[in-house]
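Here's my sequence, what's the structure:
(chains A and B)
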Amino acid sequence: MKEVIAIIRMNRMNKTKRALAEAGIVSFAARKVMGRGKGKVDYLLLKGAEEGIEEAIAQLGPGPKLIPKRMLTIVLPDALVSVAIETIINQNSTGSRGDGKIFVCPITDAVRVRTGETGDAALDDAPTAEK
Amino acid sequence: MLMVRAIVRPEKIDEVFAGLMYAGFPAVTKMDVFGRGKQRGMKAGEVTYDELPKEMILMVIEDQDKDFVVETIIKAARTNSKGAFGDGKIFISQVEEAYTVSSGTKGL
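Below is the predicted model:
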């Protein structure tokens, strides 16, 4: 079982949801988050800040500027992970910075609260599950 | 790769972000969370607060950077040299793969 954590642009949320549903992945959790990546900071700005020039330091700001994104958390059986990653990348890739990142983390166990089932049976998107 | 999830005080978030950025880790995600620790919230006068607002920072780093990043966060997030209840916790978990959406390639 793997957890796929995808951070994507806000305006791609609906398209991604629909594409995932069409690919057979219906269950997920979503949140609004704020964040940034490596970003682009002008080399000259950094150099100026290092040398202690006031204007350069002021331009950099006290901390990184955060941008609102959407975070999707999907727990899947191993077999569906590559499908999920492909779908998310296809729907979200514009080629420019800020498209997002996908992380794949191991999950030790999952439990369905309603029935107490554990393991892959607890997941809605098991390849053998009926839709 | 490791995922670092740090829960810190909201008033310390700017300091933590600045500290991380100047330490060379600009890529962070934050979310608003509510929670409590072993102290079961806090009491201010007549009112008991069961859940306290915190900020959760999420970042994915290479294994070798772990100690440095944890140190940086602790230094920035602690209230003073002695620390206090409510300063937060840091959790480290495994990340097996990472993909960059804009290029579609594997890797941070």
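
ok, residue A:37 - contacts?
By Cβ atoms under 8 Å, 6 or more residues apart in numbering or on different chains, the contact set of residue A:37 is A:97-98, A:101, B:26-27. Backbone N, C-alpha and C define where each C-beta goes, glycine included.

Can you give the strand pairings for the longest strand along chain A, parallel or anti for each?
Under DSSP state E, the strand in chain A containing the largest number of residues is strand A:67-76. If you go by DSSP bridges, strand A:67-76 pairs up with strand A:2-8 (antiparallel), strand A:29-36 (antiparallel).

From what I see, residue B:107 and residue B:101 are in contact.
No. The criterion here is Cβ atoms under 8 Å, and residue B:107 misses it with residue B:101 at 11.9 Å.

Not counting residues beside it along the chain, what's closest to residue B:39?
residue B:85 (5.2 Å; Cβ to Cβ, 6 or more residues apart in numbering or on different chains).

Now for the one you found, how many residues are close by?
Residue B:85 has 9 neighbours, counted by other Cβ atoms under 10 Å in any protein chain shown.

again with the one 4 residues further on
A total of 13 residues lie near residue B:89 under the criterion other Cβ under 10 Å.

What separation is there between it and residue B:58?
14 Å (Cβ to Cβ, to the nearest Å).

Spell out which residues of chain A are next to chain B.
By Cβ under 8 Å from any Cβ of the partner chain, the part of chain A that sits against chain B consists of A:2, A:6-8, A:31-39, A:41, A:62-64, A:66, A:69, A:71, A:85, A:88-89, A:92-106.

Check what contacts the helix or strand where residue B:90 lies and list those residues.
Following DSSP states H and E, one finds residue B:90 within strand B:88-94. Strand B:88-94 is contacted from outside by A:105-106, B:1-9, B:37, B:54, B:66, B:70, B:73-74, B:77, using Cβ under 8 Å, 6+ apart.

What pairs with the next helix or strand after it, parallel or antiparallel?
Using DSSP H and E, the helix or strand that follows strand B:88-94 in sequence is strand B:97-100. Strand pairing for strand B:97-100, using DSSP bridges, gives strand A:100-106 (antiparallel), strand B:105-106 (antiparallel).

and those strands, which one's lowest on average pLDDT?
Comparing mean pLDDT across these, the weakest is strand B:105-106, with a mean of 91.

how far is that strand from where the chain is centred?
26 Å (Cα atoms, centre = their mean, to the nearest Å).

now swap in stretch B:11-23 and tell me
Chain-centre distance of stretch B:11-23: 10 Å, with Cα atoms, centre = their mean.
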